[in-house]
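> following is a predicted model, sequence given first.
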Amino acid sequence: MLKGIGASPGIAIGKVLLKKDEKIEIEKKNINNTEIEIDRFNDARDTAKEQIQELHRMTLETIGETEAKIFEAHRMILDDPDFLQQIESEIKSQEINAEYAIKKITDAFIQIFENIEDEYMKERAADIKDVSNRLINILQGVETADLSNLDEEAIIVSEDLTPSDTAQMDKSKVLGFVTEVGGRTSHSAIMARTLEIPAVVGVDGITEAVNDGDIVIFDGDEGKIYINPEDSIIEKYKNIKKRYEKFREKLEEIKGAESVTKDGFKVELAGNIGTPQDLEAVLRNDGEGIGLYRTEFLYMDRDSFPNEEEQFEAYKAVAEGMNGKPVVIRTLDIGGDKELSYLDLPEEMNPFLGYRAIRLCLDKTDIFITQLRAILRASNYGNIKIMFPMISSIEELRQAKEILDNTKYQLRKEGVKFDENIEVGMMVEIPAVAVMSDLFAKEVDFFSIGTNDLIQYTTAVDRMNQKISHLYNQFHPALLRLIKQVIDNGHKENIWVGMCGEVAGDPKLIPILIGMGLNEFSMSPISILKARWLIRDLSQKDMKEMVEKVINLPTAEEVKNFIDENIK
Ligand code: PEP
Ligand code: MG
């Protein structure tokens, strides 16, 4: 059995189609007439552009605008004057064949990008590799493994999957995929979740461990992969798969139902989104609102700040799309693991403890004000709420609110309409705030608990560090105590308390959060219906009793075991 990172939920059972990265042997050839060779290169470029345009169209139709953007990036590489000039001059000066020149130049670019400690830049290296392989294959007349036209159902196993591979996949034949590289935020993982195809990424050694035709079983939640397993395991997972599929069908039936416990405690189940396109998944899964719109994605994948108009359009689209349901827009939360290539900041020893999110916005107020103006203007078109990330002190909160008040004043002066009663809330993701939540609660309209960061700051465990990931534990008693404290303090001041970290969608902790009285749960859209199903079967009174016991347990393991044993 191998283990990787569960990237997209679901069980996959089937035959392997091993997609080895064809190691194309490229011979260096001496060319006398370099003009003809440059023409060959340009013809290949035209063909590549046609292919990419087709992929863009297919992706737009079948997956979505965000994913299709990847191919715009590929086209941009093919039009990049610097890139073209370097290849042409390599052909000319070295008198070599186009394939060899392309490989040499693109390898140099790839190396530069791969060496930058930034996930986004590493993804750019993958894009250049994709474009380079396409050009070389065209020049050599090589047909690549065609994932759009599989003869039979298969689980794709490969070193990595390029966006082109994923976009071409025939979704009715691809049962799932497993890759050697990648994390939960790699392009292929994101696409898998959007397409609702089970996937596991980051599986060391998988391409060596399997052959074409092997039987593989995996669970896209757990990340475990069985290769040619015994019949008993196949049977076990077939049953799990059947149950999973039946369960998803059953979930369809509770679309439109209330998210309420058996004894009448009603909550809001909302979705987390990164772009306006993600809205569709929230609506499809019957989300009752957007509990977290991570606006930083609007600022990423580009080379300058988005202007007010562009932001306004994005926020308005989400507000209108939700048709009066609440939309919590979080102001820019850049820094930590999310960087902006065009914001040239010095490297930091501890980026997660550094110059990020609200700290940056309170420093560079022009960026902050532009965003606040866009959010306020969009509030005229739906039920928008504003949320500040990474607040660590009352001073910061007051400063942010003051800038917001000044921005409102300015808009009024300009005669621009906005929601005068717009709610203003904050993320609770730093222990200092949780501890002082009684005082913070007097100054905001709502709290949203960000467990992804609250866990890392409470337990001093870097959420990105693979080596200590076993210490990053959502069952840690300290976390549960802090969450309870925040909810209780919020309620004492009559404000609603939500949660938008991953814990909000965790089926094991949802009952505990119900017992604590959490009002709003915001999660990946695909988790919403399961959460509703769970909640409808709970009694809040019983869960309150569970909370009293859980909160006094000394270890994370005991918390987890207690939940496993006492809550079905
Ligand atoms: C969190 O920290 O829990 C959260 C929701 O924010 P992000 O994951 O964007 O840091
Ligand atoms: Mg956070």
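Looks like it came in fine. Residues are numbered from 1 along each chain as shown. Ligands and ions are numbered 1, 2, ... in the order given.

> who are the packing partners of the host helix or strand of residue 135?
Per DSSP states H and E: residue 135 is located in helix 119-140. Helix 119-140 sits against helix 34-62, helix 65-79, helix 98-114, helix 163-168, with contacts defined as 3 or more Cβ pairs under 8 Å, 6 or more residues apart in numbering; DSSP states H and E. C-betas here are computed from N, CA, C, even on glycine.

> list the buried residues of the longest one.
This means helix 34-62. In terms of neighbour count (16 or more other Cβ atoms under 10 Å), helix 34-62 has its buried residues at 34, 37-38, 40-41, 44-45, 48, 51-52, 55-56, 59.

> ditto for the second one
In terms of neighbour count (16+ other Cβ under 10 Å), helix 65-79 has its buried residues at 66-71, 73-75, 77-78.

> same list (the buried residues of helix 34-62) but as a markdown table, adding distance to ligand 2 and pLDDT.
Formatted as a markdown table, the entries for the buried residues of helix 34-62 read as follows, by distance: Cβ to the ion, whole Å; pLDDT from 0 to 100:
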| residue | distance to ligand 2 | pLDDT |
| --- | --- | --- |
| 34 | 54 | 92 |
| 37 | 52 | 93 |
| 38 | 50 | 93 |
| 40 | 50 | 93 |
| 41 | 46 | 93 |
| 44 | 45 | 92 |
| 45 | 42 | 93 |
| 48 | 39 | 91 |
| 51 | 39 | 86 |
| 52 | 35 | 88 |
| 55 | 34 | 82 |
| 56 | 33 | 83 |
| 59 | 30 | 77 |
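
> now, the most widely separated pair of the residues you listed?
Spanning the widest gap among the buried residues of helix 34-62 are 34 and 59, at 36.1 Å by Cβ to Cβ.

> and stretch 287-300, how far from the chain's centre?
11 Å (Cα atoms, centre = their mean, to the nearest Å).

> wait, stretch 68-80
Per Cα atoms, centre = their mean, the displacement of stretch 68-80 from the mean C-alpha position of its chain is 21 Å.

> now that stretch: mean pLDDT?
Stretch 68-80 shows an average pLDDT of 87 in the prediction.

> go on, stretch 488-496?
pLDDT averaged over stretch 488-496 equals 98, rounded to a whole number.

> tell me how far it is from the chain's mean position?
For stretch 488-496, the separation from the chain centroid amounts to 30 Å (computed by Cα atoms, centre = their mean).

> then stretch 196-206?
The gap between the average C-alpha position of stretch 196-206 and the chain average comes to 16 Å, counting by Cα atoms, centre = their mean.

> can you tell me the distance between the two ends of that stretch?
Distance between the two ends of stretch 196-206: 22 Å, counting by Cα to Cα, to the nearest Å.

> ok, and what's touching it?
Stretch 196-206 is contacted from outside by 2-12, 157, 169, 171, 174-184, 186, 188-189, 192-193, 218-220, 223, 225, 526, using Cβ atoms under 8 Å, 6 or more residues apart in numbering.

> what of stretch 433-449?
Here stretch 433-449 makes contact (Cβ under 8 Å, 6+ apart) with 291-292, 328, 385, 387, 391-392, 394, 397-398, 401, 423-429, 454, 482-483, 485-486, 489-490, 492-493, 495-501, 503-504, 520, 522.

> give me the buried entries from those residues.
Members of the contacts of stretch 433-449 that pass the buried threshold by neighbour count (16+ other Cβ under 10 Å) are listed as 291-292, 328, 385, 387, 391-392, 397, 401, 423-429, 454, 482-483, 485-486, 489-490, 495-501, 503-504, 520, 522.

> mind listing which of those residues are in strands?
Secondary-structure check on those using DSSP state E: residues within strands are 291-292, 328, 385, 387, 423-428, 496-499, 520, 522.

> surely residue 454 meets residue 463?
No - with contact defined as Cβ atoms under 8 Å, residue 454 and residue 463 do not form a contacting pair (10.3 Å).

> can you map out the helices along the stretch 251-400 of the chain?
Across the stretch 251-400 of the chain, reading from the start of the chain, the helices by DSSP state H, counting those that start in this stretch fall at 279-284, 296-299, 308-321, 357-363, 365-378, 394-414.

> so what secondary structure elements neighbour the fourth one?
So that's helix 357-363. Contact partners of helix 357-363 among helices and strands, from 3+ Cβ pairs under 8 Å, 6+ apart: helix 365-378, helix 394-414.

> quick one, what contacts residue 462?
Counting by Cβ under 8 Å, 6+ apart, the residues that residue 462 touches are 352, 456, 468.

> from the helices and strands packed on helix 357-363, which stretch is densest packed?
Mean neighbours per residue, mean count of other Cβ atoms under 10 Å, is largest over those for helix 365-378, with a mean of 21.

> where does pLDDT dip in the stretch 201-350 of the chain?
Applying pLDDT under 70 to the stretch 201-350 of the chain picks out residues 301.

> and the strands in it?
Here the stretch 201-350 of the chain has its strands, by DSSP state E, counting those that start in this stretch, at 215-219, 224-227, 268-273, 290-294, 326-330.

> of those strands, which is nearest residue 16?
Taking Cβ to Cβ as the criterion, strand 215-219 is the member of those that comes nearest to residue 16, at 5.3 Å.

> noted, bye for now.
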